[in-house]
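# this one's structure only:
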């Protein structure tokens with residue numbers, strides 16, 4: 001392993017996160033490359049959404065959410081856009097922004113060259129072409145038809161938030177030709193294209209759905225990784241990353257991971273932020289006492305889960321990255 005791309009964002013200068021809501025905190029999407037051997041971090045791409053693609057008059061947050069790396073193409077979303085970067089030049093070779101996009105959390109290539117989008121703000125998953133044509137839509141709220149709470153006539157890019165969400169889908173993945181989405185609020189993963197029971201994951205907020213070598217890996221924001229057998233859809237392991245620290249380091253908000261091999265995982269950690277959704281951070285108060293702090297550093301860390309130990313970590317605050325959403329191994333180019 002020589003390098004890792006990390007996708008996330010930079011906090012706005014001077015923003016007081018104790019007095020403003022999270023949908024005003026970030027000013028730019030960032031992608032950086034971390035040299036795993038030396039710990040050096042270099043910026044690769046930065047993006048600020050244009051006024052016509054965001055709620056520019058309402059001081060919106062702009063950052064990259066979870067991306068997907070396939071071959072030499074890195075697919076990344078902002079709150080309201082999908083961008084495709086060619087690696088290693090980071091030339092933007094694709095762009096989609098639609099009025100239905102709000103608080104987009106993940107984009108991944110889908111069937112037949114389409115794009116699968118976790119359209120979190122509208123509690124749905126959308127399949128679009130690279131030309132921006134909507135092919136299919138799914139509600140992730142069981143029993144609630146599409147467009148029940150929302151309207152096709154509204155440009156949701158102009159709304160900074162639609163919270164509270166009922167399900168908060170935040171990651172889309174394919175398994176045996178079927179499309180699944182993680183649902184943060186239900187702590188599970190739901191199959192969208194076939195009647196199957198949801199995969200029950202944890203008692204706290206879940207994120208990723210990374211399929212690797214017959215397993216599916218999910219992060220839990222409290223610092224756990226849930227590993228599921230892709231054949232049986234049953235949990236085969238729960239890794240408590242908190243226990244792999246010496247107890248003196250605050251582990252932060254876990255989100256985004258890369259599987260290096262069966263024993264080694266790289267996980268992203270973002271600054272813990274104050275939130276008015278108190279139920280989301282009860283684990284923080286239980287572990288550390290008092291209110292959550294915004295001072296815990298944003299970083300990535302590699303863990304040896306077979307031995308239960310932290311191998312290394314790299315602070316990303318040095319390049320002004322203050323939130324991590326996904327981590328990707330740099331591909332070997334011919």
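That came in fine, so what should we check first? Just so it is clear, the model here is predicted, and its values are computed rather than measured.
# tell me where the stretch 1-150 of the chain is predicted with low confidence.
1 (pLDDT under 70).
# now with 80, please.
The stretch 1-150 of the chain contains residues with pLDDT under 80 at 1-2, 18-19.
# how about stretch 318-333, which residues are buried there?
319-331 (16 or more other C-beta atoms under 10 Å). Bear in mind the C-beta positions are built from the backbone N, C-alpha and C, glycine included.
# likewise stretch 54-70?
In stretch 54-70, counting by 16+ other C-beta under 10 Å, buried: 54, 55, 60, 61, 62, 63, 64, 65, 66, 67, 68, 69.
# before we move on, what about stretch 13-25?
15, 17, 21, 22, 23, 24, 25.
# could you tell me the end-to-end distance of that stretch?
9 Å (C-alpha to C-alpha, to the nearest Å).
# and that stretch, how far from the chain's centre?
Distance of stretch 13-25 from the chain centroid (C-alpha atoms, centre = their mean, to the nearest Å) equals 20 Å.
# before we move on, what about stretch 180-197?
16 Å.
# start to end distance for that stretch?
So stretch 180-197: terminal residues 11 Å apart, C-alpha to C-alpha.
# do the same with stretch 257-272
OK, stretch 257-272 end separation, C-alpha to C-alpha: 17 Å.
# and what of stretch 180-192?
Distance between the boundary residues of stretch 180-192 (C-alpha to C-alpha) amounts to 6 Å.
# same deal with stretch 8-22?
This stretch, stretch 8-22, spans 14 Å end to end (C-alpha to C-alpha).
# and for stretch 222-241?
Across stretch 222-241, first to last residue, C-alpha to C-alpha, it's 9 Å.
# report the buried residues of that stretch.
Result for stretch 222-241 [16+ other C-beta under 10 Å]: buried residues 222, 223, 224, 225, 226, 227, 228, 233, 235, 239, 241.
# give me the mean pLDDT for that stretch.
Across stretch 222-241, pLDDT averages out at 95.
# among the buried residues of stretch 54-70, name the ones in strands.
Per DSSP state E, strands hold the following members of the buried residues of stretch 54-70: 68, 69.
# for the buried residues of stretch 54-70, which one is nearest residue 163?
residue 61 (12.3 Å; C-beta to C-beta).
# may I have the beta-bridge partners of the closest residue to that closest one other than its chain neighbours?
The shortest distance from residue 61 to any non-neighbouring residue, by C-beta to C-beta, 6 or more residues apart in numbering, is to residue 26 (4.3 Å). Counting by DSSP bridges, residue 26 is bridged to residue 11.
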